[in-house]
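S.K.: Fold the following, please.
(chains A, B, C and D, ligands or ions: 4)
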Amino acid sequence: MRMTMIEAIQNAHDLAMMQDDKVVVFGEDVGFFGGVFRCTAGLQEKYGKSRCFDAPINELGIVGAAVGMAAYGIKPVVEIQFADYVYPAYDQIVSEAARLRHRSGGDFTCPLVIRMPTGGGIFGGQTHSQSPEALFTHVAGLKTVMPSNPIDAKGLLLAAIEDPDPVIFLEPKRLYNGPFDGHYDKPIVPWKKHDFGDVDTEYYTTPLGKAKLVEEGPDLTIIAYGTMVYVAQAAAKEAELNADIIDLRSLVPLDMETIIASVKKTGRCAIVHEATRTSGFGAELSAVIQENCFYHLETPIRRITGWDTPYPHAQEWDYFPSPERLISDFNKVMED
Amino acid sequence: MRMTMIEAIQNAHDLAMMQDDKVVVFGEDVGFFGGVFRCTAGLQEKYGKSRCFDAPINELGIVGAAVGMAAYGIKPVVEIQFADYVYPAYDQIVSEAARLRHRSGGDFTCPLVIRMPTGGGIFGGQTHSQSPEALFTHVAGLKTVMPSNPIDAKGLLLAAIEDPDPVIFLEPKRLYNGPFDGHYDKPIVPWKKHDFGDVDTEYYTTPLGKAKLVEEGPDLTIIAYGTMVYVAQAAAKEAELNADIIDLRSLVPLDMETIIASVKKTGRCAIVHEATRTSGFGAELSAVIQENCFYHLETPIRRITGWDTPYPHAQEWDYFPSPERLISDFNKVMED
Amino acid sequence: MVTEPLKLHVPEPGCRPGDEPDFSDFEIPKAGETRKPDLKDDADTMRDMAFSIVRVLTKDGEAVGPWLADLSPDKLKSGLIDMMKMRAFDSRMLAAQRMGKTSFYIQCLGEEAVACAAQTVLQQGDMNFPTYRQSGLLIASGYPMQTMMNQIYSNAADPNKGRQLPTMYSSKEYGFFSISGNLGTQFIQAVGWAMASAISGDTKIATAWIGDGATSVGDFHAAMVFASTYRAPVILNVVNNQWAISTFQGMARGNSATFAARGHGFGIPALRVDGNDYLAVYAVTKWAAERARSGHGPTLIEHVTYRAGGHSTSDDPSSYRAKGESTAWPLGDPIERLKKHLIFLGVWSEKRHTQAKAQVLSEVREAQKAAEAIGTLISGNAPSTRDIFEDVFETMPPNLIRQRKEAGY
Amino acid sequence: MVTEPLKLHVPEPGCRPGDEPDFSDFEIPKAGETRKPDLKDDADTMRDMAFSIVRVLTKDGEAVGPWLADLSPDKLKSGLIDMMKMRAFDSRMLAAQRMGKTSFYIQCLGEEAVACAAQTVLQQGDMNFPTYRQSGLLIASGYPMQTMMNQIYSNAADPNKGRQLPTMYSSKEYGFFSISGNLGTQFIQAVGWAMASAISGDTKIATAWIGDGATSVGDFHAAMVFASTYRAPVILNVVNNQWAISTFQGMARGNSATFAARGHGFGIPALRVDGNDYLAVYAVTKWAAERARSGHGPTLIEHVTYRAGGHSTSDDPSSYRAKGESTAWPLGDPIERLKKHLIFLGVWSEKRHTQAKAQVLSEVREAQKAAEAIGTLISGNAPSTRDIFEDVFETMPPNLIRQRKEAGY
Ligand SMILES: Cc1ncc(C[n+]2csc(CCOP(=O)(O)OP(=O)(O)O)c2C)c(N)n1
Ligand SMILES: Cc1ncc(C[n+]2csc(CCOP(=O)(O)OP(=O)(O)O)c2C)c(N)n1
Ligand SMILES: [Mg+2]
Ligand SMILES: [Mg+2]
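M.R.: Ligands and ions are numbered 1, 2, ... in the order given. I've put the predicted structure just below:
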């Protein structure tokens, strides 16, 4: 059935709650209202107020309570209204959720999912645009996932809910309605008219830790995730490059095999993300690729990323890694 | 005068407070008691309770209040008792301190220093051993500094206090009393008997953003900071390698010039840190070196780091990057 | 011992779409009824104040009781004008957003009295730490409306250089701290600012602002602890406008408690005030400001009001609020109430009100014209790409210079 | 308006080294004096309880008043033994730490009644979310002392596999949640756990524990908000032992308030109890547990006690606390007080006490011998290096397998 990414996410919640009455969903405005992006629409009505409910505005409390619930043995799936608001919960995520299994010698575990709309491109200014993935990938004990289309969003979310450990689930909000490719002045194809919007209504999972080769080509390897997958595709096309384009889908665990095989094949690599460059996840990718493919690399790995500044409002499109920037950098990867 | 690193830090506070009555110092147990590591000993007595005082146990509150004070126009220098406890303050640091100047168009600024004892090697277990530097280096608007000896600790702290922007000041607590080189079964030379313990009692600053080449040699470039500087030195010596050993001192801003010049010279590079590997600051270093020195590198850059696990208590020395591990990896950098 | 299965309690608002709005449970003391404690009184002698509501204006527009303050008719008139300006400003900017001239807007419809009255108590050098719903502080302090619009339009004259969402103003000069999009962070910052004033031996005070929903955040607690421990010269304002997006205020507090009662756990004097009563807000704020300035420390004020509009231009409250709730709100409209009072005093009339309205609207229009002449978000003449890289630090570090060049600047 | 310069107020404890300890300001109601509200009473009918102290044992060892509970002499004796065990355990482990057998130790000297009495109220399946100073919960629940020591020694039989600091126990089976080194985080987790019990329609309850100093953390506030909003079946315990390392409890609260009074801002019934009175702690905890289990929601309990020892083995309180403060503490010693009561009841004697002490000590010694036979932190036989890599995730991902191999395992 054709679905937007929002509907696919809502559907994943629905199926998970139907299949397992231990699954509970809560967060700010997710109950009666169904979430500011509608990802939990209808769940309270269907499953009752004790399985889907509003939360006070306290991200620390939302995650902290979820840690306690997970330790109890139920399965909380919580929403942080915007990824930009996850920092108050950072201590509960880093010091608690991520470490509970380890520090208790496996006595207590913390299977929970923390969902959050991520990334810019919606004129949200600095507090509705951030991509904090690298702040999670550095933390031992967390898995970090970012889908790029409705089919994956549903499958990955269901896999995250099944996972016995805490999963950070980042949703590129610019993709909620269609595959935005960075050409902000052109209309997007809505998911309802896109193949990736054709979501199986049955329960299925997409395994965490497996990247997807979305395009194959000999010229170079482009690694991206979330919105940047489409920007990379558009830029490669416009630059007339036949690239391996890898949609990571899961940052931790990382699908090293797919990455290494591709870079060994192409000998050239560009990494694209929206987050600020310094200490972004691109740094980790660059480092591991260099460690594993050193003798195959023909030119330096390049990172095309957001600038090392806060995310601006008016100058959004100067901050967002545009197809033009990607083309220029892809060409440098090819030239050198 | 010979000083421990603790005394040098105390001395820097003292001189800063003497020179500028806008400097105020607070944190948990820093007032009457002078701090659990004694870095603020005697300051309350000397400067009064309104310039050096205890704080409630709320790191969010400590940093949040300091942001307000900095905006007022005074200069807060706050202590987080252990770096492991900074996470509750993370939102105030990332969303507020780091962005205030930018978001207000320069109308409000946030000159403050957040000090915290960092790193392991003291059998502190997972909550007294962490090295969270990469969680700060990813954040636009923050400077991140880590000294490795009393002379630098004083000069960098005074520079941080003079700085017009927020500075994260990480103190490798394993070095408070002497240059620990990873040989935990051998005694350390106390700072009082070490050249780097010979601290000028006058006011001086050591500029942020300048690395220090602590040893020079043609074989390879070793990049380290904090405790790992000494472990790297010991390991290089034991491996009979003549290395450029760079003590970064400041991670942001980063002294790219020194790094690039050295790697271009040696063609080989090892990066050492105590933090977990994935998305650690070593990833950023590896990425920028690769970007800038690609055609000079003879072997892959290697990262020798803490494991991607929480910091254990009993197995501390299996976690801590030991001289043996460094030697083995340095040799690999040389061999390949 | 009972062993019936437990059940999760999830609070619900009195009414939802389809229901008849009903505020009959809401206890409202009569105007003039609530006592006025002495400035120097201890918090524990006035715990009752957290469960009452200070009100000055009666239904008929008379001002009565111990909280009746020394406001001249001229000051009251200028207060009325401030609120009218605020409302006209909001309505123009809402329309501008709908026309695509900017990306987003937040109005304060129905809550004008809170910020407008509170501001008039403050002195040069004091500092507000506002949320996005206290634009009235700027209006009442005479901040140029055109500059506000420049910010909203993110045009070349925006003091924030296009970096912030519309309405996230900042003005040190006008005592208005840079607004954060992250709820609540400013509450503890205000306390820190006030502590700095005390540390410096100055006489400036700070005011902190937070919504009912945002009282749940940790920063609220930090502010209470620090304010009470160091007796900071700060006014801690909770604007209880009944809603936090789609979530009613009961989700942020215990059943029998009020937001003001949070003060009791910290020995902070706390009171509730009719937030739609300009005179009551003024009097209570003045009392708190005097306490702060004379060294008696913090006061917690819960302003009881109602968010008459949507949360923001991204929100449609009809999907979660009962129709007519806004008009059923028993504390009325702040502009209407002050207008009635002025007419009661014999210094105002319907006619003058109509004239004033027209006058205010033309001022707002003029400001808008001037702002739009500089530019709107879509018309071009935006701040430069270069501005992204400025102000990250005072001095641009080498990596940012490199990136700025990469960006072509 | 006054314009004298402001001054920062920084609270100070009544006495510091060199001063004569003085607790004369500390208001202590007589045993039996404080009323006992009905389980079903609303929070707002018992606000007075937050400013009083529930006490049962008189100076003479008599148990009096409405809070006198149904504890048989046998139960009381076993409570006394629990506390004696805890004290002997602490003293042996302190000594072991001094001998280098482990890295660190935290005792609960003087506070034994709090955890030991509270534990006896709980049922199988309930869950404590403790801090490092509630080891008495484990002792009173019959958890093997040797296993505790295995943890302290980080030996091969340590259930935490050497990963945690000494005393950071964890036992799901014994209803003892894994202790975090980060203060306060467990307070909101306990509320979440209790919510999960209610969501699941179970009858289990949770107890949250926090120190006076740690009440300042944001997690405390989160716990209060969530517990009150969802009426979670949880007991929120604040152990006010007067000190947070070198910082006295006044630094964490307002001047005229108590920690219990924090409940008032959330409609949570809150009371204070004499934490050195085993019978009072028992009665108050039982009341709170019954409230929770029968669907009346959370209770906040402030246990008023005194940290008689140093903060930890890394701490020397003589540099910040007045000498003799511990003996001047007016609520006495919990073991002495319960012993006196048992003697008063005629079911105990000095002689039996001496015998019991010897018996307890020999049990502790035996446990220690057995634990040391397995290993101490310095004697070897520690958990494996391999254990660092286990339990990061349920299934070890490829990068950790690679790193484990790098480490040689
Ligand atoms: C830390 C954080 N969490 C969530 C949000 C998203 N958010 C923006 S406004 C809002 C509701 C705030 O309600 P309230 O505090 O009552 O203020 P009001 O809008 O009614 O003035 C929410 C949840 C945010 N901005 N910051
Ligand atoms: C978040 C955090 N901040 C600081 C610390 C350091 N610390 C450990 S114990 C302690 C004092 C706690 O005092 P209190 O809550 O009164 O408990 P008590 O030790 O008296 O039982 C401090 C500051 C910590 N563990 N966690
Ligand atoms: Mg509100
Ligand atoms: Mg304490």
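S.K.: Closest to the centroid, which residue in the chain?
M.R.: Here I'm looking at chain A. A:M146 (1.7 Å; C-alpha atoms, centre = their mean).
S.K.: Let me rephrase: I mean chain C.
M.R.: Note: chain C centre (C-alpha atoms, centre = their mean) maps to C:Q134, 3.4 Å.
S.K.: Just the element for it, please.
M.R.: C:Q134 belongs to no helix or strand when assigned by DSSP states H and E.
S.K.: Now it: closest residue in space that isn't a chain neighbour?
M.R.: C:A115 (4.1 Å; C-beta to C-beta, 6 or more residues apart in numbering or on different chains). For the C-beta atoms, the positions are set from N, CA and C on the backbone; glycine is no exception.
S.K.: any idea how far that neighbour lies from ligand 2?
M.R.: C:A115 is 35 Å from ligand 2, where distance means C-beta to the nearest ligand atom, to the nearest Å.
S.K.: can you check A:Y176 too?
M.R.: 36 Å.
S.K.: Could you count how many residues lie near that residue?
M.R.: 22 (other C-beta atoms under 10 Å in any protein chain shown).
S.K.: how close does it get to A:M5?
M.R.: Relative to A:M5, A:Y176 is positioned 5 Å away (C-beta to C-beta, to the nearest Å).
S.K.: just C:K40 next, same as before
M.R.: 60 Å.
S.K.: Those two: who's more crowded?
M.R.: Per other C-beta under 10 Å, whichever of C:K40 and A:M5 has more neighbours is A:M5, with 29 against 9.
S.K.: so where do the strands sit in chain A?
M.R.: Under the criterion DSSP state E, chain A contains strands at A:23-27, A:52-54, A:75-79, A:113-118, A:143-145, A:167-172, A:212-215, A:220-224, A:243-247, A:250-252, A:269-276, A:302-306.
S.K.: domain ranges for the chain?
M.R.: Going with chain A. According to automatic domain parsing, chain A comprises the domains A:5-175, A:212-335.
S.K.: The chain in question should be chain C.
M.R.: C:43-378, C:384-409.
S.K.: Quick check: which of those domains has the most neighbours on average?
M.R.: Of all those, domain C:43-378 carries the top mean neighbour count, a mean of 23, counting by mean count of other C-beta atoms under 10 Å in any protein chain shown.
S.K.: now it, how far from the chain's geometric center?
M.R.: With C-alpha atoms, centre = their mean, to the nearest Å as the basis, domain C:43-378 stands 2 Å off its chain's centre.
S.K.: Helices along chain C, start to end?
M.R.: With helices called from DSSP state H, chain C shows them at C:73-98, C:112-121, C:136-140, C:145-152, C:185-199, C:218-230, C:278-293, C:325-328, C:334-345, C:350-374, C:386-389, C:398-406.
S.K.: Out of the ones you listed, flag the one nearest ligand 1.
M.R.: Evaluated over these, closeness to ligand 1 peaks at helix C:185-199, with 7.7 Å, by C-beta to the nearest ligand atom.
S.K.: just checking, what packs against that closest one?
M.R.: Applying 3 or more C-beta pairs under 8 Å, 6 or more residues apart in numbering or on different chains; DSSP states H and E, we find helix C:185-199 packed against helix B:59-72, strand C:127-129, strand C:206-211, helix C:218-230, strand C:234-240.
S.K.: Please list the residues outside the third one that contact it.
M.R.: The reference is to strand C:206-211. B:68, C:118, C:122, C:126-131, C:133-134, C:183-184, C:186-187, C:189-191, C:193-194, C:197, C:217, C:220, C:223, C:232-241, C:244, C:285 (C-beta atoms under 8 Å, 6 or more residues apart in numbering or on different chains).
S.K.: anything in it near ligand 3?
M.R.: Yes: under the criterion of C-beta under 5 Å from the ion, ligand 3 is reached by strand C:206-211 at C:G211.
S.K.: any weak-confidence spans in chain C?
M.R.: For chain C, residues meeting the criterion pLDDT under 70 lie at C:1-2.
S.K.: tell me which parts of chain A are close to ligand 1?
M.R.: Residues of chain A lying close to ligand 1 (C-beta under 6 Å from any ligand atom) are A:E28, A:I57, A:E59, A:Q81, A:Y85, A:P88.
S.K.: Please measure how far the first residue of stretch A:240-258 sits from its last one.
M.R.: Chord length of stretch A:240-258, first to last residue, is 23 Å (C-alpha to C-alpha, to the nearest Å).
S.K.: now the helices of chain C in JSON lines, with distance to ligand 1?
M.R.: Formatted as JSON lines, these follow (distance: least, C-beta to the nearest ligand atom, whole Å):
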{"stretch": "helix C:73-98", "distance to ligand 1": "13"}
{"stretch": "helix C:112-121", "distance to ligand 1": "10"}
{"stretch": "helix C:136-140", "distance to ligand 1": "12"}
{"stretch": "helix C:145-152", "distance to ligand 1": "18"}
{"stretch": "helix C:185-199", "distance to ligand 1": "8"}
{"stretch": "helix C:218-230", "distance to ligand 1": "9"}
{"stretch": "helix C:278-293", "distance to ligand 1": "16"}
{"stretch": "helix C:325-328", "distance to ligand 1": "14"}
{"stretch": "helix C:334-345", "distance to ligand 1": "15"}
{"stretch": "helix C:350-374", "distance to ligand 1": "22"}
{"stretch": "helix C:386-389", "distance to ligand 1": "22"}
{"stretch": "helix C:398-406", "distance to ligand 1": "27"}
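S.K.: quick one: the residue nearest to C:D19 when sequence neighbours are not counted and C:G61, what's the gap?
M.R.: In this structure, C:D19 finds its nearest non-sequential neighbour in C:A322, 4.8 Å apart by C-beta to C-beta, 6+ apart. As judged by C-beta to C-beta, C:A322 and C:G61 stand 28 Å apart.
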